[in-house]
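Colleague: Based on what follows, work out the 3D shape:
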Amino acid sequence: MKKHLVLLGFVAFFLATAQLSAQKFTTHAVKEGETLQSISQKYRVTPYTIIQSNKEIKTAADIKVNTLLVIPLDGSVMTPETEPKVEKVVEERKPTSFIRHRVRKRETLFGLTQRYEITEEQLKRHNRQLYAEPLKKGMILQIPVYPELTEEEERALDFETYTVQPKETRWSIAHKYGITVDSLLKLNPELDKTSDYLAIGQELNLPRPKGDSLEQEIDLFTSFTVPPKQTLYSLGKEYGIPSDSIVKLNPEIMKQGGLKEGMILRLPKKKNKSGEVNTDNFIFYEVKPKQNIFRLTQNLKISRDTLFALNPTLENGLKAGMVLKLPKASSEELVVKNALIIDKINLADSVNLENRPKVVFMLPFRLDRIDLNDRKKTSSQISTRRDLKLSLGFYSGALVALDSIKKMGVSVEVDTYDTELSQAKVKEILFRESIWDVNAIIGPVSTKALDEVAVQAASKNIPVISPTASDSELSHGNVYYSVPKDEVLRKKMLDYLAKVHTDQNVVIIADSTHQVAYDSILSKFPVAQIAKVIDNKSLHLDEFLIQLSEEKENWVFLETDQANMVSSVSSILNSANTEEISVRMFTTNFNSAFENDAVSVTHLSNLKFTYPSFYRKAANDSFTRAYRQKYRGLQPDRYAVRGFDVTFDLLLKLAHKNNLFETSKIVGLTEYTGNSFNYFNEYASGFYNRAAYLMEYDSLQIKEIQLDDLKSNL
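Modeller: Below is the predicted model:
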C-alpha cells in the first residue's frame, strides 16, 4: 500500500509540474557576476525551472557571461510548443515644437535645463554640438517643447538607472545616494529580501541627484593625443566610458573614418578610484533607532570630527536608517560582516517570547531497516553505520537544545521525518506532508536530498540548515552550510602560521590528490622544501632526512587522507625529533586518516601536531551535564554536541527574530559547546560558515590554540 501511495504521489507531482497552459516567457542575457540563484531571484522563479527550460544548462556552473536564457515568468517549464515573447521597447517622448535661444554670458547647461524644464539629455539630443564642446556665448540652440507630463511620467523623471560596480554593496550605494537601505529595497522590489547580494552590472532604480550634471563643469575634461594602434574599445576601457560616448564627444572620429594616430580628443578625466565608496576603501554602519552621536562615536571607535568629515549629511541630524561610512582600518576593532559593522548581540538575553518557531528535522534514521525488537542487531547497526550514528547522535543533542530553549520560555513546534537516506523518500515527504508553514528545516544529510528540499523550500522563502555539507554543486540562496569549506579551514591555519613564522625550515609532504593544499602552502612559504613521495604512499627516507635542519625548528606539513601514510610519516618524524633536531607536524586538511587506530597518539603529541577544525572537544558545561542527565549518564559524542549547537543556534536566532534571514544580517560570530557559527552570504549562492578552530596535540591531550591577540580576516 505504501509503495502505491508513493507511486501515486510521483504521478500527481509529475502532472502538477507539467501544466503548459498560459505560459509567459522572456529572455535574459547573463551579465558578469550573475549566478543561477541571482537570476532566479530577479525573475521570481526557481533555479530548477530555469535549468529545465534551457536544455543546454545542466548545472549552475554552466551559467556563463552572455549566455541567453529563456525565463518562464509564470514558473512553468518551457516546451518545444511554446515561444518566449519579445520585450516591448519604450518609445521616447517627442517635442511638439522648438524655441530658439541665443546663449548669453555665464549661462550653463544646468541653468538652461532649469529654465526650460527639460533634461540635459533632451537639450543635447536636439543640439548635438553640445556632445563635443562646452556651452559658449553666442551659440544658437533649439529648445524642445514637450507636452505636459502625466503624474507617472513626472515620477519617472525623479529617478535614474544605476549600474552596480565591482565591490559595491547595498550599504555603499545607499550611502552614495543618501537614502536608507529600506528605501533602496522599496525602490527596487525585485531585490531579494533574504540576501544582501548585488550582482556586478545589476541595474537599480535610484533617486536622481538634484542638479546633477556631469558636463556643466568644463574642468572635468582633458585632452588626449591618440597613440599608434589605439582602438576605441581600449580607450573606452581605459577612461571608463562607452565607445559611442567617445564618438559623441569627438565627432571628427566619424568624419575621418575612425580613430587615427595623432588625433587630439576631448575625454573625461580619469576617476580617482581611491575615493570611490566601495568595500575597498570603507566599511558601513546602519544607524539604529534611539542612537545618539556620542554613543555612536564610542561604539564605532571614531572621533566626532572624523565621523562628520566622512558623513557631511550628519550636520542635518542623526536619523535611524542612515548609512554611515567609516575608514576600512576601523574594521580591526569592530565586528564586520560583508563590509557592514555588526552590533554585538547576546542572543540569550534578546529572546522575544512572542516568537513561536516552527522547525522540521529531516534525518536518515533508517527505521525501515532497523528492528527495534532485536536489541543486539540494532546496537551493532548503530555502531557500524556512520549515517545512523550521525543521525541518532545529532538528534539526541537537538532534543537537549529543545529542552534548553523551552526552559527559557520559548515555545517551539517540531516535526521530524525519517528520510531513510533516500531521495525518493524525501520527494514523497515533500509531496505528502504540509511542511511549508515552518521557519526552518534542518537536514537532509545527503547532497541530492538536500538539493531537492532546498529548491522547493526556496520558493516558500524557507531556510534550510545543512548539518554536514559545506557546499553544493547547485546554487541555493536559502541554504545554511554549517560546516566550513576546506579553503576556509586551510586559510585559518596558514594565516596563523604565516603570522607566527620567523625562520623555521618548512617542508611539504603531499600526495597527488592534495595539489590545492600543496599550492596554498607554497604560496605562503615560497622557500619551503618539497619532500619526494613514492607512489602516493611513502617517503624517500634518505632524501627527506637531509631536508631537515639542525639549526632551525622544522615545520613539516603532511597533506594526505591515507592512514598508512600518516602512520608512517608521523613515526619517521617522531624518530627524527631529538635534542639535535626539533620537528613539528601540521596539516591543513584534517581527516579521518589522522584519527585512525594505526596512528600513534603519542607520536602526534610529541610532534605537537596542529590542524584546523570546525569543532572542538566539548567542555564539562551545562549542555554536557544536561545530556548526561537526560540519557542516564551517557557522555555526548561529537555528533550529539553538533546536534545541540546547530539546533540551539538556530532556535536562539529564531527566538530573537522569527526570520533567520533577517537575524543573519545583524548577528556575527556565535559560539557554543563544541562549534562556532559565523555565516556569510556569498554571492547569493548560500550562507557559509567561516568559523573555525586551530587544535594542537599537547601532553596526550587535544587543546585549542587561543587566537585572542590575532585578528583573522575570516
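Colleague: now the helices: where do they sit in the stretch 151-300 of the chain?
Modeller: Using DSSP state H, counting those that start in this stretch, the helices found in the stretch 151-300 of the chain span residues 151-157, 170-177, 181-187, 232-239, 243-249, 252-255, 293-300.
Colleague: Export those helices as JSON lines, with columns for mean pLDDT and mean neighbour count.
Modeller: C-beta coordinates here come from the backbone N, C-alpha and C atoms, glycine included. Shown next, in JSON lines, are those (pLDDT from 0 to 100; neighbours: other C-beta atoms under 10 Å):
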{"stretch": "helix 151-157", "mean pLDDT": "55", "mean neighbour count": "10"}
{"stretch": "helix 170-177", "mean pLDDT": "87", "mean neighbour count": "22"}
{"stretch": "helix 181-187", "mean pLDDT": "84", "mean neighbour count": "16"}
{"stretch": "helix 232-239", "mean pLDDT": "78", "mean neighbour count": "14"}
{"stretch": "helix 243-249", "mean pLDDT": "74", "mean neighbour count": "16"}
{"stretch": "helix 252-255", "mean pLDDT": "79", "mean neighbour count": "12"}
{"stretch": "helix 293-300", "mean pLDDT": "86", "mean neighbour count": "14"}
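Colleague: JSON lines please, covering the ones you listed and showing distance to Met263.
Modeller: Listed next are the helices of the stretch 151-300 of the chain as JSON lines, based on distance: least, C-beta to C-beta, whole Å:
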{"stretch": "helix 151-157", "distance to Met263": "37"}
{"stretch": "helix 170-177", "distance to Met263": "35"}
{"stretch": "helix 181-187", "distance to Met263": "42"}
{"stretch": "helix 232-239", "distance to Met263": "11"}
{"stretch": "helix 243-249", "distance to Met263": "11"}
{"stretch": "helix 252-255", "distance to Met263": "7"}
{"stretch": "helix 293-300", "distance to Met263": "51"}
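Colleague: Do a quick rundown of the helices in the stretch 551-700 of the chain.
Modeller: With DSSP H, counting those that start in this stretch as the criterion, the stretch 551-700 of the chain has helices spanning 563-576, 601-606, 622-630, 638-656, 660-666.
Colleague: Where among those is average confidence lowest?
Modeller: Comparing mean pLDDT across the helices of the stretch 551-700 of the chain, the weakest is helix 660-666, with a mean of 89.
Colleague: In contact with Ser391, which residues?
Modeller: Counting by C-beta atoms under 8 Å, 6 or more residues apart in numbering, Ser391 touches 363-366, 445.
Colleague: got the residues you listed as JSON lines, with distance to Pro227 and pLDDT columns?
Modeller: Compiled in JSON lines, those are given as follows (distance: C-beta to C-beta, whole Å; pLDDT from 0 to 100):
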{"residue": "Leu363", "distance to Pro227": "66", "pLDDT": "94"}
{"residue": "Pro364", "distance to Pro227": "66", "pLDDT": "91"}
{"residue": "Phe365", "distance to Pro227": "72", "pLDDT": "87"}
{"residue": "Arg366", "distance to Pro227": "72", "pLDDT": "80"}
{"residue": "Val445", "distance to Pro227": "61", "pLDDT": "91"}
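Colleague: Mind checking which of the residues you listed land in strands?
Modeller: Using DSSP state E, the subset of those located in strands is Leu363.
Colleague: isn't Pro144 right next to Ile118, touching?
Modeller: Yes - at 6.4 Å, Pro144 counts as touching Ile118 under the criterion of C-beta atoms under 8 Å.
Colleague: Following element in sequence after the helix or strand of the chain with the lowest mean pLDDT, please.
Modeller: Lowest by mean pLDDT, DSSP states H and E among the helices and strands of the chain is helix 2-17, with a mean of 31. Downstream of helix 2-17, the next assigned helix or strand under DSSP states H and E is strand 25-29.
Colleague: Show me what the helix or strand just after that next one is packed up against.
Modeller: The helix or strand immediately downstream of strand 25-29 is helix 36-43, counting by DSSP H and E. On a contact count with 3 or more C-beta pairs under 8 Å, 6 or more residues apart in numbering; DSSP states H and E, helix 36-43 meets strand 25-29, helix 47-53, strand 68-72.
Colleague: Can you turn the buried part of the contacts of Ser391 into a ChimeraX selection?
Modeller: Buried subset of the contacts of Ser391, written as a ChimeraX selection, criterion 16 or more other C-beta atoms under 10 Å:
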select :363,364,365,366,445
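Colleague: which of the contacts of Ser391 lies closest to Ser40?
Modeller: Top of the list for closeness to Ser40, among the contacts of Ser391 and by C-beta to C-beta, is Val445 at 24.9 Å.
Colleague: Just the CA atoms of stretch 426-436, as PDB, please.
Modeller: Taking Å, rounded to 0.1, in the frame of the first residue of the first chain, the C-alpha atoms of stretch 426-436 are listed here in PDB:
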ATOM      1  CA  VAL A 426      12.400  12.900   0.500                       C
ATOM      2  CA  LYS A 427      10.200  13.600  -2.500                       C
ATOM      3  CA  GLU A 428       7.400  11.600  -1.000                       C
ATOM      4  CA  ILE A 429       7.600  13.500   2.300                       C
ATOM      5  CA  LEU A 430       7.600  16.900   0.500                       C
ATOM      6  CA  PHE A 431       4.600  15.900  -1.600                       C
ATOM      7  CA  ARG A 432       2.600  14.200   1.200                       C
ATOM      8  CA  GLU A 433       3.300  16.400   4.200                       C
ATOM      9  CA  SER A 434       2.400  20.100   4.800                       C
ATOM     10  CA  ILE A 435       5.700  21.400   5.900                       C
ATOM     11  CA  TRP A 436       5.800  24.800   4.200                       C
END
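Colleague: Show me what counts as buried in stretch 520-534.
Modeller: Result for stretch 520-534 [16+ other C-beta under 10 Å]: buried residues 520-522, 524-525, 528-529, 531, 533.
Colleague: One more: stretch 348-361?
Modeller: Under 16+ other C-beta under 10 Å, the buried positions of stretch 348-361 are 351, 355, 357-361.
Colleague: With distance to Val277 and secondary structure added, can I get the residues you listed in JSON lines?
Modeller: Putting the buried residues of stretch 348-361 into JSON lines (distance: C-beta to C-beta, whole Å; DSSP: H, G, I helix; E, B strand; the rest coil) gives the following:
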{"residue": "Val351", "distance to Val277": "37", "secondary structure": "coil"}
{"residue": "Asn355", "distance to Val277": "36", "secondary structure": "coil"}
{"residue": "Pro357", "distance to Val277": "38", "secondary structure": "coil"}
{"residue": "Lys358", "distance to Val277": "41", "secondary structure": "strand"}
{"residue": "Val359", "distance to Val277": "40", "secondary structure": "strand"}
{"residue": "Val360", "distance to Val277": "42", "secondary structure": "strand"}
{"residue": "Phe361", "distance to Val277": "44", "secondary structure": "strand"}
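Colleague: Looking at those, which gets the smallest pLDDT?
Modeller: Minimum confidence in the buried residues of stretch 348-361 sits at Val351, scoring 90.
Colleague: Against Glu682, how distant is that residue?
Modeller: 29 Å (C-beta to C-beta, to the nearest Å).
Colleague: Determine the longest helix present in the protein.
Modeller: helix 386-407 (DSSP state H).
Colleague: Could you identify the helix or strand that succeeds it?
Modeller: Next element after helix 386-407 (DSSP H and E): strand 413-418.
Colleague: In the stretch 251-400 of the chain, where is pLDDT below threshold?
Modeller: 269-275, 331-332, 368, 370-384 (pLDDT under 70).
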